[in-house]
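In: Kindly generate the corresponding structure for this input.
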Amino acid sequence: MSPGPARRLVPSYLATGGVGAPEHNRFEELTALQATGLSALPHHTPAHQRLLDLVSDGGLTVMEIAGYLRLPVGVVKMLAAQLVSDGRLRAAAPLPDALAPTVYAGRPAKALLEEVMHGLLAL
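Out: Model (predicted):
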């Protein structure tokens, strides 16, 4: 029997450095985060540094960052709030259309499906 995926040795709540819920800078899951180019401060945890490294090449949403870092979304929101407060990240609110439920929610656009179909047929 092969070993399963490696478990996190440090509990996720320690990634925030013991800080509770942020007073400011509350984010949605679809909030886009971008690095400002400033390096991490001495009081930032390794999780802060990993988040900054991840978004150094471009913006990602809170959900994407949580997936890449394998951290709970709530922890990523707290890390991001601290980094925005320290001027290390910029946050852009999600577009209202991205949050609004529609009749076609969850369905790709017909034009996109046609492009994929033509691309597959061209193979």
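In: Would you mark the buried spots in the one helix or strand V75 maps to?
Out: Assigned by DSSP states H and E, V75 belongs to helix 73-85. Going by neighbour count (16 or more other C-beta atoms under 10 Å), the buried part of helix 73-85 is 75-84. Every C-beta, even on glycine, is put in place using the N, C-alpha and C of the backbone.
In: so what does it touch, helix or strand wise?
Out: helix 46-54, helix 62-69, strand 89-92 (3 or more C-beta pairs under 8 Å, 6 or more residues apart in numbering; DSSP states H and E).
In: quick one, the first one and helix 73-85 angle?
Out: In this case it means helix 46-54. Relative orientation of helix 46-54 versus helix 73-85 (axes from the mean of the first three to the mean of the last three C-alpha atoms, to 10 degrees): 70 degrees.
In: List the contacts of helix 46-54.
Out: 15-17, 35, 39-40, 60, 65, 68-69, 71, 75-76, 79-80, 82-83, 88-89 (C-beta atoms under 8 Å, 6 or more residues apart in numbering).
In: Please convert the buried residues of helix 73-85 to JSON lines, extending it with distance to F27.
Out: JSON lines is the format used below for those (distance: C-beta to C-beta, whole Å):
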{"residue": "V75", "distance to F27": "12"}
{"residue": "V76", "distance to F27": "9"}
{"residue": "K77", "distance to F27": "5"}
{"residue": "M78", "distance to F27": "10"}
{"residue": "L79", "distance to F27": "10"}
{"residue": "A80", "distance to F27": "6"}
{"residue": "A81", "distance to F27": "7"}
{"residue": "Q82", "distance to F27": "12"}
{"residue": "L83", "distance to F27": "11"}
{"residue": "V84", "distance to F27": "8"}
